[in-house]
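S.K.: predicted model, plus sequence, below.
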Amino acid sequence: MIKAIRGMRDLLPPETSRWQWVEQVAREVFGLYGYREIRLPLLERTELFARSIGADTDIVGKEMYTFPDRKGDSLTLRPEATASVLRAVLENGLDKGAGVKKLYTLGPMFRYERPQKGRYRQFYQINCEAFGVDAPELDAEVILLLLDILTRLKLGEMRLLINSLGCPDCQVKFKAAMGLFLISREGLCEDCQRRRDTNPLRVLDCKSVHCKEILKDAPVIRDYLCPDCTAHFARVLAWLKRFGVAYEEQPKLVRGLDYYTRTAFEVVAAGLGAQDAVAGGGRYNGLSQALGGPLLPAIGFAIGEDRLLEVLPKDLGQENQFKVFLAALGEAARDRAFHLLQELRQRRVAAEMDLEGRSLKAQMTQADRSGATYAVIIGDRELEQGEALVRPMRAFSYKKGEGPKLTELPSGRIVENQERVALKDLTALLAARARE
Ligand code: HAM
């Protein structure tokens, strides 16, 4: 048997209904904040990511799925969405005009990382990007939007970590200081020894325990921020405070991508182990120009859906759709049931039936497994009388405040709330109950 690729998994029902629910909530919240959806190709020219994410990052250095196409052009399966969104914005002139342009996109990303809990090679992000405005109010609004989504999803314990990475001028000064600090340190990992010369800021993102130890008393970027960047960050924090958002300043937070300027943030959740970041983002005011576009301030974030679903309550968003199962016995009853089935669906009631002429017992088992709210039983006798038996299958189908009514069947079995309904009224009645 051919199996799925390592680090790439199948998302199966009923788990997929939790995913749909998360995405539905995200879409609703995006709508409230004025965001519209953009859908993008999964493949881009390799250069797009190499130029935006940064040559010294793990993503570009080790984790991209890169291959030549049949003409020899180097293509890459997107490891993130921000660079693609910006490419599309510039290519389609979406940056034109005054004011903020707001876009969101959902979908899979690909990184060749070592698979472990909460880390996959194909994973899913909910991505938010806003362009054209440098005001700190937008930073605050984007963070409020992120927290709004996570709160509505009932994510329990979470922490917002925040830092400012300054503008390119601040970063030049900070990198020089960091370079000096690192010169005298022994024992950096191989990657960090290289980064010491190429991009000392990257060293702060190293996961090695030893490098982390060395960095304990490293300089922090906060001390190198210019007055404008200091004021911007102070204002972002002031807004968060005014909205009662609990945040933790993390002077060493740098994120795993090089394009960030000024505000950078992450949300970490309890219960995820080592891979505890459920979302991350920040400003990237210089990226448009780095890609050959105009000056275009921008900020955004991405939520890691796989990790988020890991920590959200298991029963949230589970299927509890109103459903009907038609159990028919005999050919004539089956014919009639098939028509009723389609009629129910036309009335927007989810409905299924057995298509193989199986026994009543088998059909009732199937009704139960399908999660039906009601089973409708039609045999030859019912057909003759123009009636069907409607049997509640789920406790929540009881009318509010009423207990179950018990009926004894001819077989002596006791069933709850079973009723006889005229076939001509059946679909209208069930459609009305579905709306209750
Ligand atoms: P990122 O921090 O690389 O940022 O990814 C965002 C989130 O995606 C992470 O916090 C994590 O939840 C999830 N994630 C990343 N890698 C994996 C993986 N291998 N398996 C499962 N989940 C993963 C970005 O991608 C930026 N583009 C975010 C952004 C948008 N910045 C500005 N705009």
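M.R.: Yes, it's here.

S.K.: mind telling me which residue of the chain is nearest the ligand?
M.R.: In the chain, the residue that lies nearest the ligand is residue 304 (2.0 Å; C-beta to the nearest ligand atom). (Each C-beta comes from the backbone N, C-alpha and C, glycine too.)

S.K.: quick check: closest non-adjacent residue to that residue.
M.R.: With sequence-adjacent residues excluded and distances taken as C-beta to C-beta, 6 or more residues apart in numbering, residue 304 is closest to residue 278, at 5.6 Å.

S.K.: is it true that that neighbour touches residue 160?
M.R.: No: judged on C-beta atoms under 8 Å, residue 278 makes no contact with residue 160 at a distance of 10.8 Å.

S.K.: overlap in contacts of these two?
M.R.: residue 267 (C-beta atoms under 8 Å, 6 or more residues apart in numbering).

S.K.: neighbour count winner among those two?
M.R.: A count of neighbours by other C-beta atoms under 10 Å puts residue 278 above the other of residue 278 and residue 160, at 26 against 19.

S.K.: quick one: residues in contact with the host helix or strand of the more buried one.
M.R.: Per DSSP states H and E: residue 278 is located in strand 277-283. Outside of strand 277-283, the residues within contact range by C-beta under 8 Å, 6+ apart are 128, 139, 142, 146, 150, 155, 158, 165, 255-256, 260-269, 272, 297-304, 307-308, 311.

S.K.: can you tell me what sits against stretch 423-434?
M.R.: Contacts for stretch 423-434 (C-beta under 8 Å, 6+ apart): 322, 324, 336, 340, 343-344, 347-349, 373-374, 376, 378, 382-383, 386-388, 390, 397, 421.

S.K.: quick check, pLDDT for the most centrally placed residue in the chain.
M.R.: Residue closest to the mean C-alpha point of the chain, counted by C-alpha atoms, centre = their mean, is residue 305 at 3.4 Å. As predicted, residue 305 sits at a pLDDT of 98.

S.K.: might you enumerate the residues of this structure proximal to the ligand?
M.R.: Residues of the chain found near the ligand (C-beta under 6 Å from any ligand atom) are 80-82, 111, 113, 118-120, 123, 125, 127, 129, 256-257, 277-282, 300-302, 304, 306-307.

S.K.: strands - which of these land there?
M.R.: Of the residues of the chain next to the ligand, the ones assigned to strands by DSSP state E are 123, 125, 127, 129, 277-282, 300-302, 304.

S.K.: make CSV from those residues and add distance to residue 11 to it.
M.R.: Formatted as CSV, these follow (distance: C-beta to C-beta, whole Å):
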residue, distance to residue 11
123, 11
125, 14
127, 18
129, 25
277, 21
278, 17
279, 19
280, 22
281, 24
282, 29
300, 25
301, 22
302, 18
304, 14
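
S.K.: got any ranges where the chain has weak pLDDT?
M.R.: 317-320, 395-416 (pLDDT under 70).

S.K.: that one - how does it break down into domains?
M.R.: 15-167+226-311, 323-435 (automatic domain parsing).

S.K.: ok, the closest residue to residue 68 other than its chain neighbours - contacts?
M.R.: In this structure, residue 68 finds its nearest non-sequential neighbour in residue 74, 5.7 Å apart by C-beta to C-beta, 6+ apart. Residues in contact with residue 74 (C-beta under 8 Å, 6+ apart) are 45, 46, 47, 66, 67, 68.

S.K.: what does residue 144 give?
M.R.: 243, 245.

S.K.: buried sites along the helix or strand harbouring it?
M.R.: Following DSSP H and E, the helix or strand that holds residue 144 is helix 136-152. Going by neighbour count (16 or more other C-beta atoms under 10 Å), the buried part of helix 136-152 is 136, 138-150.

S.K.: can you tell me how far the closest residue to residue 134 other than its chain neighbours is from residue 167?
M.R.: Leaving aside its chain neighbours, residue 134 sits nearest to residue 297 (3.9 Å; criterion: C-beta to C-beta, 6+ apart). Residue 297 sits at a distance of 11 Å from residue 167 (criterion: C-beta to C-beta, to the nearest Å).

S.K.: so what sits against both of the two?
M.R.: residue 285.

S.K.: would you confirm that residue 105 belongs to a strand?
M.R.: Yes: applying DSSP: H, G, I helix; E, B strand; the rest coil, one finds residue 105 inside a strand.

S.K.: ok, the closest residue to residue 121 other than its chain neighbours - contacts?
M.R.: By the measure of C-beta to C-beta, 6+ apart, the closest residue to residue 121 outside its immediate chain neighbours is residue 7, 3.0 Å from it. For residue 7, the contacting residues are 112, 113, 115, 119, 120, 121, 122, by C-beta under 8 Å, 6+ apart.

S.K.: can you rerun that using 6 Å?
M.R.: Contact analysis of residue 7 by C-beta atoms under 6 Å, 6 or more residues apart in numbering lists 115, 120, 121.

S.K.: out of those, who has the most neighbours?
M.R.: residue 120 (22 neighbours).

S.K.: tell me the phi and psi of that one?
M.R.: The phi and psi values for residue 120, taken as degrees, to the nearest 10, are phi -130, psi 170.

S.K.: return the residues in contact with residue 329.
M.R.: With C-beta under 6 Å, 6+ apart, residue 329 has these contacts: 360, 379.

S.K.: 7 Å instead, please
M.R.: 360, 379, 380 (C-beta atoms under 7 Å, 6 or more residues apart in numbering).

S.K.: can you tell me how far it sits from residue 282?
M.R.: From residue 329 to residue 282 the distance is 64 Å (C-beta to C-beta).

S.K.: picking that back up, surely the residue nearest to residue 134 and residue 284 touch.
M.R.: No: counting by C-beta atoms under 7 Å, residue 297 does not reach residue 284; the two are 8.6 Å apart.

S.K.: ok, these two, which is more surrounded?
M.R.: residue 284 (27 against 20).

S.K.: surely residue 313 is in a helix?
M.R.: No: applying three-state DSSP, one finds residue 313 to be coil, outside a helix.

S.K.: how about it: what's its closest non-neighbour residue?
M.R.: residue 154 (6.4 Å).
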